[in-house]
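Q: The sequence and its predicted three-dimensional model are supplied below.
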Amino acid sequence: MMEELVKVEIDERDGDDIVVARLSGELDIAGAERIGKRIAEAVPSSARGVVVDMSDLEFIDSSGVSMLFALARRVGSRRQELRVVAPAGRPVARVLQIVEFDRAAPVHEDVDSAVAEIA
């Protein structure tokens, strides 16, 4: 079996009703669909929203970006909020800036500010 290039760790923050999905590795066509489904399924309809933490992500391609836009649409259609964490100066932050992802959902420097904005 091939080694997974991208890993996701999902936590539900008690009291906040916010799901935090931490991605690490490389998000490309090999894992984007699987990761997108995994995050979407982890967000109960009772949650206020979801934070996708990309602080430890080293690479994202167009399929990863498409997955994020699809997640933004899905979460929005359920009247929930999406926040993405991509610290400035990292390659992922640059890609999100180029595709103007902040038009779909706010991009934050850290998880705490993203969670605080939803809560």
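A: Ah, there it is. No experiment lies behind these values; they were computed from the predicted model shown. Numbering: from 1, shown residues only.
Q: drop to CA atoms for contacts and neighbour counts, all remaining ones
A: Noted.
Q: So which bits of the strand or helix carrying Ala72 are buried?
A: Using DSSP states H and E, Ala72 falls within helix 62-77. By neighbour count on 16 or more other C-alpha atoms under 10 Å, the buried set for helix 62-77 is Ser63, Gly64, Val65, Met67, Leu68, Phe69, Leu71, Ala72, Arg73, Val75.
Q: Please list all residues in contact with the residue most central in space within the chain.
A: The chain has Val52 as the residue nearest its centroid, 2.6 Å off, counting by C-alpha atoms, centre = their mean. Neighbour list for Val52: Val20, Ala21, Arg22, Leu23, Leu82, Arg83, Val84, Val85 [criterion: C-alpha atoms under 8 Å, 6 or more residues apart in numbering].
Q: quick one: which of those is most hemmed in?
A: Highest neighbour count within these, by other C-alpha atoms under 10 Å: Val84, with 28 neighbours.
Q: so how far is Glu58 from that one?
A: 15 Å (C-alpha to C-alpha, to the nearest Å).
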